[in-house]
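[1] I'll drop the sequence and a predicted model, then ask my questions.
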Amino acid sequence: MNTETKTATNIMSLFIPTYFSPISQYSEIIKSGEIIFEMNDNFQKQSYRNRCYIYNSSGKQLLSIPVKHQIKDGRKETKDTLVENDFPWQDHHFKSLKIAYRTSPFFDLFEDDIAPIFEKKYKYLQDVNIDTFLFIEDALQLNAHFSKTKKYEVETTENDFRLFAEKKHQPKKMVERYIQMFDDEHGFIPNLSILDLLFMEGPNAISYL
């Protein structure tokens with residue numbers, strides 16, 4: 001875990017780790033001097049905690065990590081959410097990325113670096129999400145410093161972006177278009193997974209963000 005002593009000049013922001021997060025989340029991450037990952041929230045179905053969206057020849061495609069539904073005391077914290085590995089979701093996701101982006105400008109540049117995420121056997125969903133963050137951090141050379149919460153705080157003095165983990169709570173501001181693989185067939189699709197921007201723009205993705 002990367003940590004840094006908090007200073008008055010640091011902008012600290014609170015996020016929920018999500019699976020190859022949407023572009024909106026990374027647009028706020030790059031503005032943050034220090035990132036705090038919420039580890040004690042309750043797992044929510046159909047959120048970005050275990051899913052992301054990419055662009056394939058048919059349009060918007062969902063990639064979802066299957067999880068085991070074990071609930072204690074009527075609730076389940078995301079940090080305790082187990083990955084369901086009886087289904088070969090990693091093979092499916094990696095093959096989907098290859099099919100969608102194999103002819104994109106920068107997929108070849110990052111293919112070897114992203115492959116271990118689809119080869120490593122995970123027990124906890126949060127470990128998958130942290131590894132996807134570390135991959136993007138390295139790919140974009142973000143040099144981000146992050147820590148993890150010890151308990152859940154309803155109210156916080158930090159910039160609170162935890163709602164960005166929910167599909168229905170995405171920013172409604174207009175976004176600048178970039179070239180996408182199939183936009184000539186289906187048009188521009190905003191706020192896909194950061195992977196869509198990375199494979200299309202490469203290192204220039206940081207400028208877009």
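    Yes, it's here. Bear in mind that the values here come from a model prediction, so they are computed numbers and not experimental data.

[2] going forward, measure contacts and count neighbours with C-alpha atoms only.
    Will do.

[3] in the chain, which helix has the most residues?
    If each helix of the chain is counted by residues according to DSSP state H, the longest one is helix 125-139.

[4] what's that helix packed up against?
    helix 107-114 (3 or more Cα pairs under 8 Å, 6 or more residues apart in numbering; DSSP states H and E).

[5] Which residues does the helix it packs on contact?
    Residues external to helix 107-114 that are found in contact with it (Cα atoms under 8 Å, 6 or more residues apart in numbering): Tyr101, Arg102, Phe135, Ala139, Phe199, Met200.

[6] Now do that helix and helix 125-139, the angle between them.
    130 degrees (axes from the mean of the first three to the mean of the last three Cα atoms, to 10 degrees).

[7] For helix 107-114, the averaged confidence score.
    Along helix 107-114, the predicted local confidence has a mean pLDDT of 98.

[8] go on, stretch 41-55?
    94.

[9] got the CA positions of it in PDB?
    As requested, C-alpha coordinates have been extracted for stretch 41-55 and formatted as PDB (Å, rounded to 0.1, in the frame of the first residue of the first chain):
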ATOM      1  CA  ASP A  41     -19.100   0.000   2.500                       C
ATOM      2  CA  ASN A  42     -21.900  -2.400   2.000                       C
ATOM      3  CA  PHE A  43     -21.900  -4.300  -1.300                       C
ATOM      4  CA  GLN A  44     -24.500  -3.100  -3.800                       C
ATOM      5  CA  LYS A  45     -25.700  -5.200  -6.700                       C
ATOM      6  CA  GLN A  46     -25.500  -3.900 -10.200                       C
ATOM      7  CA  SER A  47     -22.800  -1.300  -9.300                       C
ATOM      8  CA  TYR A  48     -19.300  -0.700 -10.600                       C
ATOM      9  CA  ARG A  49     -17.900  -2.600  -7.700                       C
ATOM     10  CA  ASN A  50     -17.900  -5.800  -9.800                       C
ATOM     11  CA  ARG A  51     -18.700  -4.600 -13.300                       C
ATOM     12  CA  CYS A  52     -17.500  -2.400 -16.100                       C
ATOM     13  CA  TYR A  53     -18.600  -1.500 -19.600                       C
ATOM     14  CA  ILE A  54     -16.500  -1.700 -22.800                       C
ATOM     15  CA  TYR A  55     -17.300  -1.000 -26.500                       C
END
